[in-house]
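Colleague: Whatever this is, show me its structure:
(one chain, ligands or ions: 1)
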Amino acid sequence: MPKKYSFNCKDMGMDCDFKAENEKKDALIAKIGEHAKKAHNLEVNEELMKKVEHAIKKV
Ligand SMILES: [Zn+2]
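Modeller: Now for the predicted structure:
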């Protein structure tokens with residue numbers, strides 16, 4: 001089984017059911033950034049990305 005990176009928007013403290021996983025961390029982060037912008041109207045900056053990295057789990 002290849003390892004994957006997994007992200008739950010709930011882990012960011014959001015009331016949101018968005019989940020994403022990808023074998024490539026960069027691709028996952030790009031997807032999360034898009035979601036943050038579209039769904040939460042968040043500015044994708046360094047601070048947000050730090051939180052995102054923290055919330056990403058290896059599964
Ligand atoms: Zn979300």
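Colleague: Just list the residues touching the residue nearest the centre of the chain, thanks.
Modeller: Centroid-nearest residue in the chain, with C-alpha atoms, centre = their mean: Ile32, separated by 4.0 Å. Applying C-beta atoms under 8 Å, 6 or more residues apart in numbering to Ile32 gives the contacts 7, 20, 52. Glycine gets a C-beta too; all of them are placed from N, C-alpha and C.
Colleague: ok, and of these, which contact the ion?
Modeller: Among these, proximity to the ion is found for none (C-beta under 5 Å from the ion).
Colleague: Closest one of these to Ala36?
Modeller: Nearest to Ala36, judged by C-beta to C-beta, of those is Val52 at 7.7 Å.
Colleague: that older thread, isn't there a strand covering the residue nearest to the centre of the chain?
Modeller: No. Counting by DSSP: H, G, I helix; E, B strand; the rest coil, Ile32 is located in no strand; its state is helix.
Colleague: what pLDDT does it get?
Modeller: With respect to pLDDT, Ile32 scores 98.
Colleague: And for Met1?
Modeller: You'll see Met1 listed with a pLDDT of 67.
Colleague: And for the one 10 residues further on?
Modeller: What the model reports for Asp11 is a pLDDT of 96.
Colleague: For the chain, which segments count as helices?
Modeller: 25-40, 46-55 (DSSP state H).
Colleague: And the last one, what does it pack against?
Modeller: If I follow you right, that is helix 46-55. Contact analysis of helix 46-55 by 3 or more C-beta pairs under 8 Å, 6 or more residues apart in numbering; DSSP states H and E lists strand 5-8, helix 25-40 as its packing neighbours.
Colleague: That one to helix 25-40, inter-axis angle?
Modeller: 120 degrees (axes from the mean of the first three to the mean of the last three C-alpha atoms, to 10 degrees).
Colleague: circling back: so which of the contacts of Ile32 is the most crowded?
Modeller: For these, neighbours were counted using other C-beta atoms under 10 Å, and Phe7 has the most, 23 neighbours in all.
Colleague: Touching, it and Ala55? I think so.
Modeller: Yes. At 6.0 Å, Phe7 counts as touching Ala55 under the criterion of C-beta atoms under 8 Å.
Colleague: Perfect, that will be all.
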